[in-house]
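> structure for this input, please:
(3 chains)
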Amino acid sequence: MPLEDLSYNFLTGNIEKLVQWARQASLWPATFGLACCAIEMMSSGAADFDLARFGMEVFRASPRQADLMIVAGRVSQKMAPVLRQVYDQMMEPKWVISMGVCASTGGMFNNYAIVQGVDQIVPVDVYAPGCPPGPETLMHAILTLHEQIRTGEILRRRREPDKGYRQIGQPAVSRMVGGVE
Amino acid sequence: MTASVFTVARPQDEEPGALLSRDTSEGLQELVSRSATAAAELDRETGAALRIPESESEVETFTDDGRMIINMGPQHPSTHGVLRIMLEIEGETVLRSKPVIGYLHTGMEKTAENLTYLQGATNVTRMDYLSPLNNELVFALAVEALLGIEIPERATWIRMLLSELNRISSHVMWLATNGMDLGSSSMMIFGFREREMVISFFEKASGLRMNHNYIRPGGVAADLPDGWEDDVMAIADTIEARIKDYNELLTGQPIFHERVFGVGIIRPEEAIALSATGPILRSTGVPWDLRREMPYLFYDKVDFDVVVGTVGDTYDRYSVRIHEILQSIRIVRQVLERMPSGPYRALDPKVTPPPRARVDESMEALIHHFKLFTEGIRVPPGETYQAIESPRGELGCYMVSDGSAKPYRMHIRGPSFVNLQSLPVMLHGGLLADGVAIISSVDPVMGEVDR
Amino acid sequence: MSEVAFVSLEEYTSYFAERREEGYTFLADLTAVDYLEAGHPGLPAEVRPERFEVVVNIRRFDQPSLLRVRTQVPAESPWVPSLVDLYPGAEAMEREVYDLLGIGFEGHPDLTRILLPEDWEGHPLRKDYGLGRVPVQFKEVRRHR
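The predicted structure follows:
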């Protein structure tokens, strides 16, 4: 069909940019509220901060319907296998925001019970600092992720597919280092 | 000043204590008043709790007699965090259940043994993250009891003010999540809007929205900000007015009634036997509130009512919390009137750091400052148990000191941890779909359950 | 308003049964302490100190008061009679003490770990169990001017 026959306005673009734009504007977060940060995550979704501005106010309860996991709070050794299972259930492409210092590094709880950084279990894209991060910090993290999605490759593969992976049921790294003295 | 007991009213069609009758598709259903049932008849204390290993229900399992064991959580939208419940169901009816906890176990009691008394408040404030100031308060009270120091009057009144504001924000937040669980999204938006008001005042006073570390052993971290009276007055007026909106939105709504009336009933004897405290115990009609019975701070100097329910169902627990917000506002108004001037922390140089300006001028102040922040407070050997009434019930702190600058043992009695034991009793015999409403009405905060 | 009582392990159950008859119907708290490295504060001379101490706080509602009961538990056989029959609310608290301190409760209906995973080894709140701290490596950050 010759272009002259078209009677409407149209745009040309390459498919990569289009997909990136679409993905960036339709992230569906999974609810993964663990501790204090979960309350701030809920505050971000509520009236005063309104995550709907970024098209992601609907937190999905089912990981199958979500492509962004916001790990909000400290991850205990007992929760770690559950977290990995939820991550595995999510559809590709998927992203992870580690919200708060406890999820990012273990924070002030450097002890036997807490996994020292959720990046030992799942690959993390953006770390949000704070204890807990305010809704503004979470939004900044989300916008940073949007920027990464907009400029990244659409057929992205994890460079190190094993990074952050450990067998379900195996003890976390921190427990092997610490433990009984 | 006295504190009297205030019984929440139930809507007209529900006579308290009388036979509750309901016309359903299966004919007239009669609910006999709970007090009419003999305690031994059901023996529900042992009959409701499921006692099988946690790993047993990794998948849904059928037992021989047609009963099924299913798992709810730990990743579930309405379990308030990471609570997992194993339910034994027959058709749609819940028979026995077992709350499985520990998915947020943070080892805080162990961590507390490695933090000084000044650092300890940052640790406990992260337990019950909906009422952080109450956690700090009980920790500070325990340390002060071991030290045997008196804190200035103004500090006590500030503590009371913030503790009550925290109760308001916690209950409002509960209304929000409860609304979400019952399908009222508007309530969730409203609840967070009101909470944001209180939180921004806390941010003004302490610099943080949550986990404030504001109440410390020896007083509070800083004086209240200028113009705090106007902020607090605005919070009190606004929330008082908006309670009327909630009444319109939820309390009188037939759909809401269907979800909460007669659901998850617990009897007073059961609640006491299972050590339940807070709104769960009071909803059954037992007027037990530590603020009135064993007053701490200046609760014996203010007027307020202890709110109790009659039946002990989910509606009563909702209603008790709504009225507790109003009572807290009443206390806040009295604190506003009576706030004295004076120092906001104890003037004992061994406990509280000197003001910044004094450190530059006085060698002695510099030494005290250095000693406090390197070694910490030395607390004489002893042991104490202090308890306060947090929004969820009795929040206790058992502390043992061996004379060093760190607690030898610090144990927190979390009200949510104990209250979760009454969950199987409430779920027993109810419908699976009501489970969400019942779990929500217990108001567990998992950070405090697992610690 | 708050009293402390010292009860031996033999009298443990009967003591609580008596107090319950008296009106102490409410169990406020049950916990334990590991006195491996320190002396017991406030222990009278006639009570022989042992490694563990179970601390139970009970309340009465009719005349608001708190009674704290301290019981010495030897390290060789850390077993205490369970209070579940008297106070059903002790169930979760005793499980917590078993989980974190390794003190067993005879007659408890479901004595399993409550907070830690079921296959965990050791009892973290004992004083000979390390904090489990992971060493943190600090790196020098390049300065940007």
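> rest of the way, CA atoms for contacts and neighbours
Will do.
> so residue B:412: helix, strand or coil?
strand (DSSP: H, G, I helix; E, B strand; the rest coil).
> and for the nearest residue to residue C:7 once chain neighbours are set aside, the neighbour number?
Among residues not flanking residue C:7 along the chain, residue C:71 sits closest, at 5.3 Å (C-alpha to C-alpha, 6 or more residues apart in numbering or on different chains). Using other C-alpha atoms under 10 Å in any protein chain shown, residue C:71 is surrounded by 24 other residues.
> cool, residue B:119 as well?
Count around residue B:119 with other C-alpha under 10 Å applied: 17.
> same deal with residue C:109?
As a measure of burial, residue C:109 has 13 neighbours, counting by other C-alpha under 10 Å.
> over to the one 5 residues further on?
Counted with other C-alpha under 10 Å, the burial measure for residue C:114 works out to 25 neighbours.
> spatially nearest residue to the residue most central in space within chain B, not counting backbone neighbours?
Centroid-nearest residue in chain B: residue B:392, 2.2 Å away (criterion: C-alpha atoms, centre = their mean). Residue nearest to residue B:392 in three dimensions, not counting chain neighbours: residue B:278, with 5.2 Å by C-alpha to C-alpha, 6+ apart.
> who's in contact with that neighbour?
B:288, B:289, B:389, B:390, B:391, B:392, B:393, B:394, B:415 (C-alpha atoms under 8 Å, 6 or more residues apart in numbering or on different chains).
> could I get the residues you listed as CSV with distance to residue A:108 and secondary structure?
Shown next, in CSV, are those (distance: C-alpha to C-alpha, whole Å; DSSP: H, G, I helix; E, B strand; the rest coil):
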residue, distance to residue A:108, secondary structure
B:288, 36, coil
B:289, 34, coil
B:389, 27, strand
B:390, 24, strand
B:391, 26, coil
B:392, 26, coil
B:393, 27, strand
B:394, 26, strand
B:415, 24, helix
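> can you pick the most crowded of those?
residue B:390 (29 neighbours).
> surely residue B:154 is in contact with residue B:344?
Yes - counting by C-alpha atoms under 8 Å, residue B:154 does reach residue B:344; the two are 5.6 Å apart.
> report the buried residues of the longest helix along chain A.
As assigned by DSSP state H, the longest helix anywhere in chain A is helix A:135-151. Under the neighbour-count criterion of 16 or more other C-alpha atoms under 10 Å in any protein chain shown, helix A:135-151 has A:135, A:137, A:138, A:139, A:141, A:142, A:144, A:145, A:146, A:149, A:150 buried.
> next one: it to chain centre, how far?
When distances are taken as C-alpha atoms, centre = their mean, to the nearest Å, helix A:135-151 is centred 10 Å away from the chain's centroid.
> and it, is it in reach of chain B?
No - taking C-alpha under 8 Å from any C-alpha of the partner chain as the criterion, helix A:135-151 and chain B are apart, separated by no less than 10.2 Å.
> can you give me the helices in the chain?
All of this is about chain A. Using DSSP H, helices in chain A cover A:15-25, A:36-45, A:80-89, A:100-105, A:135-151, A:173-177.
> wrong chain, I was asking about chain C
Ranges of helices in chain C, per DSSP H, are C:12-22, C:90-101.
> next: the stretch 251-400 of chain B.
With DSSP state H, counting those that start in this stretch as the criterion, the stretch 251-400 of chain B has helices at B:254-260, B:268-273, B:279-283, B:290-293, B:314-338, B:356-361, B:363-374.
> ranking the ones you listed by burial, who's on top?
Of all those, helix B:279-283 carries the top mean neighbour count, a mean of 30, counting by mean count of other C-alpha atoms under 10 Å in any protein chain shown.
> you'd agree residue B:203 is up against residue B:211?
No - look at residue B:203 against residue B:211 with C-alpha under 8 Å: they stay out of range, at 10.2 Å.
> pull the number of nearby residues for the residue in the stretch 101-250 of chain B positioned nearest to chain C.
Taking C-alpha to the nearest C-alpha, chain C has its nearest neighbour within the stretch 101-250 of chain B at residue B:102, 3.8 Å off. By the criterion of other C-alpha under 10 Å, residue B:102 has 26 neighbours.
> wait, isn't it in contact with residue A:78?
Yes - shown here, residue B:102 and residue A:78 form a contact pair, counting by C-alpha under 8 Å, at 7.0 Å.
> identify the bridge partners of the most centrally placed residue in chain C.
Residue closest to the average C-alpha location in chain C (C-alpha atoms, centre = their mean): residue C:32, at 2.0 Å. Legend: beta-bridge partners of residue C:32 under DSSP bridges are residue C:54.
> need the contact list for it.
By C-alpha under 8 Å, 6+ apart, the contact set of residue C:32 is C:52, C:53, C:54, C:55, C:97, C:101.
> mind checking pLDDT for the fourth one?
Residue C:55 is assigned a predicted lDDT (pLDDT) of 93.
> which stretches of the chain have low pLDDT?
The chain I'm using is chain A. For chain A, the stretches with pLDDT under 70 are A:1-3, A:153-181.
> wrong one, chain C
C:1, C:135-145.
> what is the burial count for the residue in it positioned nearest to chain A?
Closest residue of chain C to chain A, C-alpha to the nearest C-alpha: residue C:132 (4.0 Å). Look at residue C:132: counted by other C-alpha under 10 Å, it has 21 neighbours.
> same thing with residue C:64?
As a burial measure, residue C:64 scores 15 neighbours (other C-alpha under 10 Å).
> same question for residue C:42.
Going by other C-alpha under 10 Å, the residues that sit close to residue C:42 add up to 10.
> for it, which non-adjacent residue is closest in space?
Going by C-alpha to C-alpha, 6+ apart, residue C:42 has residue B:382 as its nearest residue, at 6.4 Å.
> list the beta-bridge partners for that neighbour.
Applying DSSP bridges, one finds that residue B:382 bridges with residue B:401.
> residue B:407 is in contact with that one, correct?
No - checked against C-alpha under 8 Å, the pair residue B:382 and residue B:407 is beyond contact range at 10.2 Å.
> for these two, indicate the residue with more neighbours.
Using other C-alpha under 10 Å as the criterion, residue B:382 and residue B:407 rank with residue B:407 on top: 23 against 18.
> tell me how far the residue nearest to residue C:42 lies from chain A.
To chain A, residue B:382 is 26 Å away according to C-alpha to the nearest C-alpha, to the nearest Å.
> wait, what's in contact with that residue?
B:146, B:400, B:401, B:402, B:403, C:41, C:42 are the contacts of residue B:382 under C-alpha under 8 Å, 6+ apart.
> for residue C:108, same thing?
Residue C:108 makes contact with C:82, C:83, C:84, C:91 under the criterion C-alpha under 8 Å, 6+ apart.
> state the distance from it to residue C:16.
16 Å (C-alpha to C-alpha, to the nearest Å).
> residue B:184 too?
47 Å.
> and what of residue B:304?
In terms of C-alpha to C-alpha, residue B:304 sits 34 Å off from residue C:16.
> how about residue C:112?
24 Å.
> same check, this time on residue B:406
Distance of residue B:406 to residue C:16, given as C-alpha to C-alpha: 32 Å.
> helix or strand with the lowest mean pLDDT in chain B?
Lowest on mean pLDDT, DSSP states H and E among the helices and strands of chain B sits helix B:39-42, with a mean of 42.
> just checking, residue B:390 touches residue B:136?
No - with contact defined as C-alpha under 8 Å, residue B:390 does not reach residue B:136; the gap is 11.0 Å.
> what about residue B:71, which SS state?
What three-state DSSP gives for residue B:71 is strand.
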